[in-house]
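**Q** Make a model of this:
(one chain, ligands or ions: 1)
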Amino acid sequence: MSTPDLSGRHLLLGVTGSIAAYKAASLVRLFTTAGAEVRVLMTESASEFVTPLTLGTLSGGEVLTDVFPENEEGNWTKHVTLGAWADLFVVAPATAQTVAKLAHGFCDSMLTATALSARCPLLVCPAMDREMYRHPTVRDNLERLSEIGYEVMPAERGELASGLVGQGRMPEPEAIRSRVAEQFSESSSPTQHSDPSPGEDTPLSGAAVLVTAGPTREPLDPVRVFTNRSTGTMGYAIAEAAAARGAAVTLVSGPTALDAPAEMEMVQVGTAAEMNEAVQARRDDADYVFAAAAVADYTPTDPSASKRKKEDGDLVLHLRRTPDILKMVGDHRRPDQVLVGFALETEDGLDNARRKLEDKHLDWIVLNNPTETGAGFGPATNRVTLLARDGAMEELPLMQKTELANTLLDRVIRASRSGSPA
Ligand code: C5P
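**A** From the prediction side, this is the model:
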């Protein structure tokens with residue numbers, strides 16, 4: 001197997017207390033020989049299996065365990081700096097205990113606190129005994145990790161430390177290194193090391209920002225609706241990032257499970273028609289429009305006032321097109337406005353995105369593909385390609401949606417201030 005190139009990559013390796021922790025030494029070697037810079041975080045129980053001295057020597061750096069290390073008064077912010085430094089955080093092996101803590105937001109060790117501070121993707125490699133791996137709570141916790149956008153590398157089958165045979169073995173270090181290399185190659189362009197204080201040179205004070213987010217819900221009758229899988233996470237992240245930069249934000253949101261963000265005007269809508277009305281009424285006041293909503297393209301022509309009864313045979317529905325909200329904003333745009341759309345495409349992404357950028361008279365379009373791991377609806381992460389009106393294109397690496405929101409704002413604000421055509 002040829003050695004993948006990880007040069008210039010910042011890898012955090014979290015090691016927890018499983019017998020497989022001894023393999024962390026090979027993993028560190030494999031990462032460093034591929035050119036990565038590695039920092040190791042261990043839980044206390046991991047040091048029962050492998051010493052911090054071993055992993056520190058191999059990684060060439062200090063191995064951290066406690067959030068509040070003894071004899072280092074005042075030095076308790078390393079989880080934040082490490083979280084911003086890392087391009088990828090690999091937790092291998094991940095015990096049932098650490099999986100549970102990661103799934104529920106515990107931060108009682110350097111490892112778990114850094115996971116909460118991390119702006120990069122996480123790759124979790126569970127290792128535990130067969131019955132533990134099968135246990136419903138562990139299954140639920142692993143599911144939760146996937147939901148929040150962490151990648152879980154399934155445990156392998158084989159002989160386990162207990163003598164049982166089954167699923168629970170940590171994947172071999174080479175397989176983990178290959179997965180890490182794949183993650184970076186999927187994001188293709190070299191990792192952009194994030195600005196530790198986003199927005200410092202791109203504030204938005206005095207600007208009005210209009211954001212659409214979430215799905216729309218089109219009624220068929222009083223109890224049934226047509227909708228889609230949008231969670232609203234991306235739009236809410238943009239609205240919050242813009243508000244944090246001092247903008248006067250209006251968030252027009254379809255139904256989501258997210259809490260209404262503070263410090264902005266929030267307009268809750270249900271249907272595409274309602275979203276359209278809310279947006280068109282406010283469009284002229286907006287300096288920036290970010291249309292992140294997944295608006296239904298069709299709505300039932302004749303929603304029934306009472307619940308439709310089941311009948312024999314198939315049901316034929318008539319649907320009509322909804323208004324294209326963003327196109328209407330683009331058609332009536334103020335020349336100094338900046339319009340940003342999103343395109344969710346599963347095929348011919350670039351062509352379709354460019355066409356939408358033109359048709360809707362946008363300045364930018366953010367292309368994403370929901371079928372890629374970690375991208376699209378649902379996960380807390382996304383990988384997008386940013387296309388500008390002047391033809392410029394930038395592939396951004398996989399990142400948390402909160403970080404992506406700040407990266408998008410940085411790009412869009414800088415371009416609009418430099419008078420670039422985009
Ligand atoms: O659905 P489509 O791919 O055309 O969506 C591209 C962009 O247009 C997105 O930013 C979306 O929020 C917006 N849009 C809209 N109203 C629609 C359909 C899409 O504002 N009816």
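**Q** what bridges to V124?
**A** In this entry, V124 is beta-bridged to V91, V152, by DSSP bridges.
**Q** Contacts only, for it.
**A** By Cβ atoms under 8 Å, 6 or more residues apart in numbering, the residues touching V124 are 91-92, 94, 99, 102, 142, 145, 150-153. All C-beta spots, glycine's among them, are computed from the backbone N, C-alpha and C.
**Q** Could you dump these into JSON lines and include pLDDT, neighbour count and distance to the ligand?
**A** As requested, these are arranged in JSON lines below (pLDDT from 0 to 100; neighbours: other Cβ atoms under 10 Å; distance: Cβ to the nearest ligand atom, whole Å):
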{"residue": "V91", "pLDDT": "98", "neighbour count": "28", "distance to the ligand": "35"}
{"residue": "A92", "pLDDT": "98", "neighbour count": "25", "distance to the ligand": "38"}
{"residue": "A94", "pLDDT": "98", "neighbour count": "31", "distance to the ligand": "37"}
{"residue": "V99", "pLDDT": "98", "neighbour count": "27", "distance to the ligand": "36"}
{"residue": "L102", "pLDDT": "97", "neighbour count": "26", "distance to the ligand": "32"}
{"residue": "L142", "pLDDT": "96", "neighbour count": "23", "distance to the ligand": "32"}
{"residue": "L145", "pLDDT": "93", "neighbour count": "20", "distance to the ligand": "29"}
{"residue": "Y150", "pLDDT": "91", "neighbour count": "25", "distance to the ligand": "27"}
{"residue": "E151", "pLDDT": "93", "neighbour count": "20", "distance to the ligand": "27"}
{"residue": "V152", "pLDDT": "94", "neighbour count": "19", "distance to the ligand": "30"}
{"residue": "M153", "pLDDT": "95", "neighbour count": "19", "distance to the ligand": "33"}
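**Q** Get me the contact residues on the stretch 1-150 of the chain for the ligand.
**A** Residues of the stretch 1-150 of the chain lying near the ligand by Cβ under 6 Å from any ligand atom: none.
**Q** And the helices in the stretch 1-150 of the chain?
**A** 24-33, 52-59, 78-85, 96-104, 110-117, 130-134, 136-147 (DSSP state H, counting those that start in this stretch).
**Q** Over to the stretch 201-350 of the chain?
**A** Counting by DSSP H, counting those that start in this stretch, the helices of the stretch 201-350 of the chain are 233-244, 272-282, 325-331, 349-359.
**Q** Point out the most buried one among the ones you listed.
**A** Of all the helices of the stretch 201-350 of the chain, helix 233-244 has the most neighbours on average by mean count of other Cβ atoms under 10 Å, namely a mean of 25.
**Q** quick one: average confidence on that helix?
**A** The average pLDDT for helix 233-244 rounds to 95.
**Q** other SSEs contacting that helix?
**A** Secondary-structure packing of helix 233-244 (3 or more Cβ pairs under 8 Å, 6 or more residues apart in numbering; DSSP states H and E): strand 208-213, strand 248-253, strand 288-291, helix 401-417.
**Q** Read off the pLDDT value for the closest residue to T385 other than its chain neighbours.
**A** Beyond its immediate neighbours in the sequence, the residue positioned closest to T385 (Cβ to Cβ, 6 or more residues apart in numbering) is L367, lying 4.5 Å away. In this model, L367 is scored at 96, pLDDT.
**Q** Checking my notes, L367 in a helix, right?
**A** No. Counting by DSSP: H, G, I helix; E, B strand; the rest coil, L367 falls outside a helix, being strand.
**Q** Neighbours of it, how many?
**A** 23 (other Cβ atoms under 10 Å).
**Q** which residues does it contact?
**A** Contacts of L367 (Cβ under 8 Å, 6+ apart): 342-343, 345, 349-350, 353, 384-387.
**Q** who wins for neighbours among these?
**A** Of all the contacts of L367, the highest neighbour tally under other Cβ under 10 Å goes to V384, namely 27 neighbours.
**Q** ok, it - contacts?
**A** Neighbours of V384 in contact, by Cβ under 8 Å, 6+ apart: 366-368, 375, 396, 404.
**Q** can you list the domains in the protein?
**A** With automatic domain parsing as the criterion, the domains of the chain are listed as 10-186, 208-418.
**Q** picking that back up, kindly reformat the helices and strands packed on helix 233-244 as CSV containing mean pLDDT and mean neighbour count.
**A** Shown next, in CSV, are those (pLDDT from 0 to 100; neighbours: other Cβ atoms under 10 Å):
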stretch, mean pLDDT, mean neighbour count
strand 208-213, 98, 27
strand 248-253, 98, 24
strand 288-291, 98, 27
helix 401-417, 91, 21
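**Q** Most distant residue from the centre of the protein?
**A** Most distant from the centre of the chain: D312, at 44.6 Å, with distances by Cα atoms, centre = their mean.
**Q** Now find how far off-centre stretch 335-355 is within its chain.
**A** Distance of stretch 335-355 from the chain centroid (Cα atoms, centre = their mean, to the nearest Å) equals 19 Å.
**Q** and that stretch, is it in reach of the ligand?
**A** Yes. If you take Cβ under 6 Å from any ligand atom as the test, stretch 335-355 does meet the ligand, through 341-343.
**Q** gap between the two ends of that stretch?
**A** 20 Å (Cα to Cα, to the nearest Å).
**Q** Tell me the one among the contacts of L367 nearest to G56.
**A** Closest approach between the contacts of L367 and G56, by Cβ to Cβ: V384, at 37.1 Å.
**Q** So what pairs up with the closest one in the strands?
**A** Taking DSSP bridges, one obtains N368 as the residues bridged to V384.
**Q** what distance separates stretch 279-299 from the centre of its chain?
**A** Stretch 279-299 has its C-alpha centroid displaced from the chain centroid by 22 Å (Cα atoms, centre = their mean).
**Q** cool, stretch 201-221 as well?
**A** Put simply, stretch 201-221 sits 18 Å off its chain's centre (Cα atoms, centre = their mean).
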